[in-house]
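S.K.: Compute the structure for the input listed below.
(chains A and B)
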Amino acid sequence: MSITQIIINSLIRASVLCTLSIGLTLVYDILKFANFAHVELAAFAAYMGFFFNVTLGWNIVVSAALATLATGVLAMALDRTVFKRLRMTHPIIVMIASFGLAIAIRNTLRAIWGPRPRSFAIGLQKPILVLGARITMVQILLLLATLSSIIALHLFLHKTRLGNSIRATSDNPELAQARGISTEVVIQWTWFVAGCFAGLAGVLYALETEIEPNMGFSLIIPVFCATILGGLGNPYGAMLGAIALGLAENFGIYFDFGRILSLGGLLGISRPLWIPTAYKQAIAFFILVVILLMRPSGILGRKVRSE
Amino acid sequence: MEGLIRFLVHLAIMTEIYGILSLTLNFQFGLTGLANFGHVAFFMLGAYVSTILLLVAHCSFPVALAGSVVACGIFGLLIAIPTSRLKADYWAISTLAVAEILRKFFYNEKWIVGGGYYRGGAHGIGGIPAPLEDVFSAGAYPFFYLVFAGAFLASVYLILERLTHSPFGRVLKTIREEEVLSEVLGKDTAVFKMKAMGISGALAGVAGTLYASYLGFIGPDQFMPLVTFIVWAMIVLGGLGNTRGALLGAVVIQAFYSSTRYFKDYIPIPADRLASIRMVAIGVLIVLTILFLKEGLLREKKKIYRW
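M.R.: Numbers count the residues shown, from 1 in each chain, chains lettered A, B, ... in the order given. Reported below is the predicted structural model:
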C-alpha cells in the first residue's frame, strides 16, 4: 500500500473521530463529565438518515442534514429530561447515567431496525486515483464536510455572541453568570451543537461504512482516546488527537515492525512483524497511555486540578 | 414446578456470583472513590485463568482458584498505579479500555486456552470441570453449588465488612472524602489505593472462577463492558458505600435481568427484539435510579465521632 493511501485512510479515520470528539469535548468542557451516550447519538443519526433516505426516499443531502439536526434536538432533549437534573451530582455518577442512556438508545435502535447492517441508497462508489491512492467521491465529501464543520465551529466559538458565551461559561461559570450570561441557555445550545456534530459524524461514518446498531459503541474507545489525547474539554485538542490517532492506527497496521527490531539487518530477525488489525483499538489505547504518562492532562489539556 | 425451582436456584447462584462483583466494586468506588469502569476485567481474568489452569494445566479446583485470585490481585495493583497521576475520569475511561483490550486478547488468541477446532478465541471454551462434580447427582449439583458459591460470597462479605470497619477502611474513606487530608495525616494515598484495588480485584477474581466452573463454558462475548455497568447499577441502586446495599442491589438487578429473559414465553414478540427491549429496560432502570433514588435503597451509615 502506498504512503499516500495510508495518509488518506488516516485522514478519513481522523475526520470521523474528530467530528465525534468535538461534541464529546464541548459537553465535557461545560458540564465536566464524559458522556458515554455521545457515540450512540452518531448511531441514532445514521438510522435517522436511513429512515429519510431509504424509507421515505428523500435526497441524500437533505436526509443527512435533517438527521444531523434531529440528533442535535435529541441531545438537547436528553439534557432537558436527564442531565439537567444531575447538574450537582458527582461526575462519575453522571457518567454511569449516560452509560445507562447509551444502552437504552443502542437497543431501541436495534429493537426497531434489527441487527442487520443497512446502507444508504447511494450505490457502489467507484474510486478515483489521486497520487496513486484510491479515494471515492463520498470520502472526498467526508473530508470536505469535516473541514468545513471545523471552520464553522471555530468561527462560531470566536465570532458569535453565543460562541463567546460558551467559552466564557466553560472558563468560569460564576463569572460568566455575573456578566449576565444565562448558564442554562449556554448549556442547552452546547448540547445542540455537540449533538449536531455527533449527528454529522454518524451520517458520514455510515456513508463510508454501513449502518448497524453497534456502530456507535464500536467507536467509543478510539473516540475517548482521541479526546483525552488532545486534553478533555479542548476542541482543538480533540482535532489534534483525532489526527494523531488516525495516523497511528493506519501506520501502526501497515508498518513492518520486523525492520525496526532487526535494526536494519544487524539482528537476525528477517521475519516481517505486523500488528494484527484486530488490535487496532489497542494501538489507540497504547498511545493514550504513553501520552498520559508523559502529560497527564493530554497534549493540549489544561493543568490538572487536584481532585 | 420443578422448572421454577431450577430457575430460582440458577438465579440465586448467579446472584451470589454477581454479589461478589458488586461487593468488590463497592469497595473500590463506594469506599475508596476509585471509579473502575472495567470491573469486568477481573471477572474475565478470573474466569480465564482458572479455566486455563483447569483445562490446559490440569490443576485441581483449589489451585485454579488460588491462581485466579493471585492473577487478579496483581492486575488490580497494576491498574491502580496511574490513579495517583491521572484525573478520576481519565482513569475511569482507561479502565474501560483495558478491559476491552483484555477481551480482544482472549477473543483473538486461540492458543491461550488450548486452541484447536472450536476451542478458544471467538468460539469460547467449554467442558470446564466443576468442583466435586462426580460426588453429586446431576439434579442435586445445583443445590450443592448454591451453598458452595454462597460460602464464598459470605467470606468475601465478611472480609470486606471487616476491612471497611478497620483503620485501613477508615483511611480509604478519607481518601474518598478528602484525599489531601489523608496525605496531611501522613498516609501514602497511592499505596492505599493500590492495596484497595489489589485486595478487591483478587476477591473479584473468585467470582470469575465460580462463574466459569458453574456454566462450564466461557467466551469473550460474556465479558462485554455491559457487565461492568450492570454491576454499577447494582451498587448505585443498593446505595454506595454500603456493603449490605451492594448485596441488595445484586439481588434486585439480577432478579430483574434474569427474569425478564423468560417473558418471551408470554409476550408475542420475536426473541431478538425482546432481548433488545430488555436491555432498554436495564438502561432506563439505571437512569431512573440515579435520577430518583439518589442515595440508593440503603444509605451509607455515617458514623459521627464525638470528642
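S.K.: Quick one: check stretch B:191-202 for contact with chain A.
M.R.: No - Stretch B:191-202 stays clear of chain A (Cβ under 8 Å from any Cβ of the partner chain), getting no nearer than 13.2 Å. From N, CA and C alone the C-beta is placed, and that goes for glycine too.
S.K.: Which residue ranges of the stretch 201-307 of chain B form strands?
M.R.: For the stretch 201-307 of chain B, the strands defined by DSSP state E, counting those that start in this stretch cover B:217-218.
S.K.: Spell out which parts of it neighbour chain A.
M.R.: B:226, B:229, B:232-233, B:236, B:272-273, B:276-277, B:279-280, B:282-287, B:290-291, B:294.
S.K.: Kindly recompute the last result at 6 Å.
M.R.: Within reach of chain A by Cβ under 6 Å from any Cβ of the partner chain, the stretch 201-307 of chain B has these residues: B:229, B:232, B:273, B:276-277, B:279-280, B:283-284, B:286-287, B:290-291.
S.K.: For the stretch 1-150 of chain B, what lies in contact range of chain A?
M.R.: Counting by Cβ under 6 Å from any Cβ, the stretch 1-150 of chain B sits next to chain A at B:A35, B:R85, B:L86, B:A88, B:D89, B:Y90, B:I93, B:A97, B:E100, B:I101, B:N108.
S.K.: Pull up the residues of the stretch 101-250 of chain A that are close to chain B.
M.R.: By Cβ under 6 Å from any Cβ, the residues of the stretch 101-250 of chain A that approach chain B are A:L101, A:I103, A:A104, A:N107, A:T108, A:R110, A:A111, A:I221, A:F224, A:I228.
S.K.: Scan these and report the most crowded one.
M.R.: A:I228 (31 neighbours; other Cβ atoms under 10 Å in any protein chain shown).
S.K.: Please list the outside residues in contact with the helix or strand harbouring that residue.
M.R.: In this structure, A:I228 sits in helix A:220-230 according to DSSP states H and E. Helix A:220-230 is touched from outside by A:17, A:20-21, A:24-25, A:39, A:237-238, A:240-242, A:245, A:281, A:284, A:288, A:291, A:298-300, B:90, B:93, B:97, B:100, with contacts defined as Cβ atoms under 6 Å, 6 or more residues apart in numbering or on different chains.
S.K.: ok, now with 7 Å
M.R.: When contacts are defined by Cβ atoms under 7 Å, 6 or more residues apart in numbering or on different chains, helix A:220-230 is touched by residues A:17, A:20-21, A:24-25, A:39, A:237-242, A:244-245, A:281, A:284-285, A:287-288, A:291, A:298-300, B:90, B:93, B:97, B:100.
S.K.: if we can go back for a sec, would you list the residues of the stretch 101-250 of chain A next to chain B in TSV and tack on pLDDT?
M.R.: Formatted as TSV, these follow (pLDDT from 0 to 100):
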residue	pLDDT
A:L101	95
A:I103	93
A:A104	95
A:N107	94
A:T108	95
A:R110	93
A:A111	92
A:I221	86
A:F224	89
A:I228	86
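S.K.: Which members of the residues of the stretch 1-150 of chain B next to chain A are positioned in strands?
M.R.: The members of these all map outside strands under DSSP state E.
S.K.: Now the buried members of those.
M.R.: Buried members of the residues of the stretch 1-150 of chain B next to chain A, scored by 16 or more other Cβ atoms under 10 Å in any protein chain shown, are B:A35, B:L86, B:D89, B:Y90, B:I93, B:A97, B:E100, B:I101, B:N108.
S.K.: Which pLDDT does the model give residue 286?
M.R.: If you meant another chain, say so; for now it's chain A. Note on A:F286: pLDDT of 79.
S.K.: hm, I was asking about chain B
M.R.: 88.
S.K.: Could you tell me the per-residue confidence at the residue lying closest to B:F29 once chain neighbours are set aside?
M.R.: Spatial nearest neighbour of B:F29, chain neighbours left out: B:A35 (5.5 Å); criterion: Cβ to Cβ, 6 or more residues apart in numbering or on different chains. Model confidence at B:A35, expressed as pLDDT, equals 92.
S.K.: Likewise for A:T89?
M.R.: If you check A:T89, the pLDDT there is 87.
S.K.: Please apply the same query to the one 4 residues further on.
M.R.: We note a pLDDT of 90 for A:I93 in this prediction.
S.K.: For the helix or strand containing it, output the C-alpha coordinates as PDB.
M.R.: Assessed by DSSP H and E, A:I93 sits inside helix A:91-113. Backbone C-alpha positions of helix A:91-113 (Å, rounded to 0.1, in the frame of the first residue of the first chain) are rendered in PDB as follows:
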ATOM      1  CA  PRO A  91     -19.400  13.400  37.700                       C
ATOM      2  CA  ILE A  92     -18.800   9.700  37.900                       C
ATOM      3  CA  ILE A  93     -22.500   9.000  38.700                       C
ATOM      4  CA  VAL A  94     -23.500  11.200  35.800                       C
ATOM      5  CA  MET A  95     -21.200   9.100  33.600                       C
ATOM      6  CA  ILE A  96     -23.000   5.900  34.800                       C
ATOM      7  CA  ALA A  97     -26.300   7.600  34.000                       C
ATOM      8  CA  SER A  98     -25.000   8.400  30.500                       C
ATOM      9  CA  PHE A  99     -24.000   4.800  30.100                       C
ATOM     10  CA  GLY A 100     -27.500   3.700  31.000                       C
ATOM     11  CA  LEU A 101     -28.800   6.100  28.400                       C
ATOM     12  CA  ALA A 102     -26.300   4.700  25.900                       C
ATOM     13  CA  ILE A 103     -27.600   1.100  26.500                       C
ATOM     14  CA  ALA A 104     -31.200   2.400  26.100                       C
ATOM     15  CA  ILE A 105     -30.500   4.300  22.800                       C
ATOM     16  CA  ARG A 106     -28.500   1.500  21.200                       C
ATOM     17  CA  ASN A 107     -31.100  -1.200  22.000                       C
ATOM     18  CA  THR A 108     -34.000   1.000  20.900                       C
ATOM     19  CA  LEU A 109     -32.300   1.300  17.500                       C
ATOM     20  CA  ARG A 110     -31.800  -2.500  17.500                       C
ATOM     21  CA  ALA A 111     -35.400  -3.200  18.500                       C
ATOM     22  CA  ILE A 112     -36.700  -1.000  15.700                       C
ATOM     23  CA  TRP A 113     -34.300  -1.800  12.800                       C
END
